[in-house]
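**Q** Got a predicted structure plus its sequence, pasted below:
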Amino acid sequence: MISLRVKKKSETTKTVIRSILKDMDWESFMTGTTNDSWIRFRDLLHSLIAEHIPLKILSTKNVRKPMWMTHKAFKQVIKKRKIYSKYKDAQHPAVKASCKAAKSEIRKSRKTFEQKLAQNIKQDLKSFYAYDRNKTKCKVQVNPIIIK
């Protein structure tokens, strides 16, 4: 099971942080140069976030994947997300490599799924039309006929 740690925000934590920030003496807190004031403010915000916003664990065990995506492609996408969350830079070589690998795996899995659909279209029309219905952007509905 792969798990992701995410900040769990709620209204009570927002109100607590707002009340702490409202009660501060900003004149004495923001003395000195602009850079020093910014560093103090940033550290204050990070400490408030670490103290008042708990982490929740999101499990990717129960995440539904598209019907065409293979297990290998799904694992590549999860790996890509983990690497990006580690570096937080889309231009990093490791992130670029994982994006490229995930993209190629996704293309390959979609292509093989659609080829299998095309091969089995005579025996399995239901799967083909289910996939086709999924791919439509807007659902066209016919209005009821009114006879006057």
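**A** Okay, I see it. Numbers count the residues shown, from 1 in each chain.
**Q** Count the residues that sit near residue 73.
**A** Burial of residue 73 is recorded as 22 neighbouring residues (other Cβ atoms under 10 Å). The way it works is simple: take the backbone N, C-alpha and C, and place the C-beta from them, glycine included.
**Q** contacts for the one helix or strand it maps to?
**A** According to DSSP states H and E, residue 73 maps onto helix 71-87. Residues from elsewhere that reach helix 71-87 (Cβ atoms under 8 Å, 6 or more residues apart in numbering): 2, 4, 60, 65, 90, 94-95, 98-99, 101-102, 105-106, 108-109.
**Q** Now flag whichever of these is closest to residue 51.
**A** The nearest member of the contacts of helix 71-87 to residue 51, counting by Cβ to Cβ, is residue 4 at 21.4 Å.
**Q** lowest confidence element among the helices and strands of the chain?
**A** Least confident helix or strand, the chain: strand 3-7 with a mean of 56, by mean pLDDT, DSSP states H and E.
**Q** what stretches of this protein score poorly on pLDDT?
**A** Residues of the chain meeting the criterion pLDDT under 70: 1-9, 58-62.
**Q** All the helices of it, in order from the start?
**A** Assigned by DSSP state H, the helices in the chain fall at 11-22, 26-29, 34-52, 71-87, 93-119, 125-135.
**Q** who does the shortest one touch, helix- and strand-wise?
**A** If I follow you right, that is helix 26-29. Secondary-structure packing of helix 26-29 (3 or more Cβ pairs under 8 Å, 6 or more residues apart in numbering; DSSP states H and E): helix 34-52.
**Q** Send me stretch 28-36 as CSV with only the CA atoms.
**A** Taking Å, rounded to 0.1, in the frame of the first residue of the first chain, the C-alpha atoms of stretch 28-36 are listed here in CSV:
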residue,chain,number,x,y,z
SER,A,28,7.5,44.9,17.3
PHE,A,29,7.5,41.7,15.2
MET,A,30,8.3,43.4,12.0
THR,A,31,11.3,45.5,13.1
GLY,A,32,14.6,45.4,11.2
THR,A,33,15.2,44.9,7.5
THR,A,34,12.6,43.7,5.0
ASN,A,35,14.5,40.4,4.5
ASP,A,36,14.7,39.7,8.3
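**Q** Tell me how far that stretch lies from the chain's centre.
**A** 37 Å (Cα atoms, centre = their mean, to the nearest Å).
**Q** Stretch 20-36 now?
**A** When distances are taken as Cα atoms, centre = their mean, stretch 20-36 is centred 35 Å away from the chain's centroid.
**Q** Since that was my last question, I'll sign off now.
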